[in-house]
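> sequence plus predicted model, see below.
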Amino acid sequence: MQEASIRLASHEDRLPVYRMLELYQHDLSDIWDQDLDSHGEYGYALDHYWHEEGCHPFVATVAGKYAGFALVNRAVRVGTEGHWMDQFFVLKKFRRRGLGQSLATSVLAALPGRWEVGQMPANLGAQAFWRKVIGAYTGGRFKEQALRSGEWQGVVQVFDSPATT
């Protein structure tokens, strides 16, 4: 794989991120009960990532072409102050080639402090990915919880970035 570039998304990246979000939501359509709207889109309220404090959109490109994104906002699921990995996506052609790990670790390093990363209960692939990435990034220093009530239901890893010894 050619070298990836990972950066904060600019306003010019908004439409490509929105379109990748549609692909992401389609990928999850078998485990995430969401219907298409009257325009044939899943839709996603994306603009706040460029306007609200604590929101951070990132994009990954390979050879200048969009390859994935990460959307981060404030941690609210477990109740810690910090960052929440709200959405994370890598195009299928770049999966299992290191881009996901590079994107994840770049985003985690860019925003030091407390982190929460959650996965839906049925998304076993995402759970395995995040356990591996977070485990390597923190040297195994993270806690995992299964939340079954409230706003978020699923598995959540809680940890600090940068990893401290």
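Great, that's in hand. All figures in this text were calculated on a predicted structure; none of them were measured in a lab.

> average pLDDT for stretch 158-165?
On average, the pLDDT along stretch 158-165 is 75.

> my bad, stretch 25-33
80.

> so where is this structure shaky, pLDDT-wise?
By pLDDT under 70, the low-scoring segments of the chain are 1, 75-80, 149-150, 163-165.

> buried sites along the lengthiest strand in the chain?
Determined from DSSP state E, the single longest strand within the chain is strand 65-74. Buried residues in strand 65-74, counted by 16 or more other Cβ atoms under 10 Å: A67, G68, F69, A70, L71, V72, N73. Any C-beta I mention is one placed from the backbone N, CA and C, and that applies to glycine too.

> what would the residues you listed look like in JSON lines with distance to E3?
Formatted as JSON lines, these follow (distance: Cβ to Cβ, whole Å):
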{"residue": "A67", "distance to E3": "11"}
{"residue": "G68", "distance to E3": "14"}
{"residue": "F69", "distance to E3": "18"}
{"residue": "A70", "distance to E3": "18"}
{"residue": "L71", "distance to E3": "23"}
{"residue": "V72", "distance to E3": "23"}
{"residue": "N73", "distance to E3": "28"}
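
> follow-up on the earlier one: so what does the longest strand of the chain touch, helix or strand wise?
helix 14-27, strand 56-62, strand 83-90, helix 99-110 (3 or more Cβ pairs under 8 Å, 6 or more residues apart in numbering; DSSP states H and E).

> rewinding a little: of all pairs in the buried residues of strand 65-74, which one is the farthest apart?
Greatest spatial distance among those (Cβ to Cβ): A67 and N73, at 21.8 Å.

> about what we covered before: closest to K143 among the buried residues of strand 65-74?
Of those, the one sitting nearest to K143 (Cβ to Cβ) turns out to be V72, at 19.3 Å.

> quick one, which of the helices and strands packed on strand 65-74 gets closest to G118.
strand 83-90 (7.3 Å).

> for that closest one, packing partners?
So strand 83-90, by 3+ Cβ pairs under 8 Å, 6+ apart, packs with helix 14-27, strand 65-74, helix 99-110, strand 113-119.

> same for the first one, what does it pack against?
Pointing back at helix 14-27 there. Where contact means 3+ Cβ pairs under 8 Å, 6+ apart, helix 14-27 is packed against strand 56-62, strand 65-74, strand 83-90.

> sweet, I'm off.
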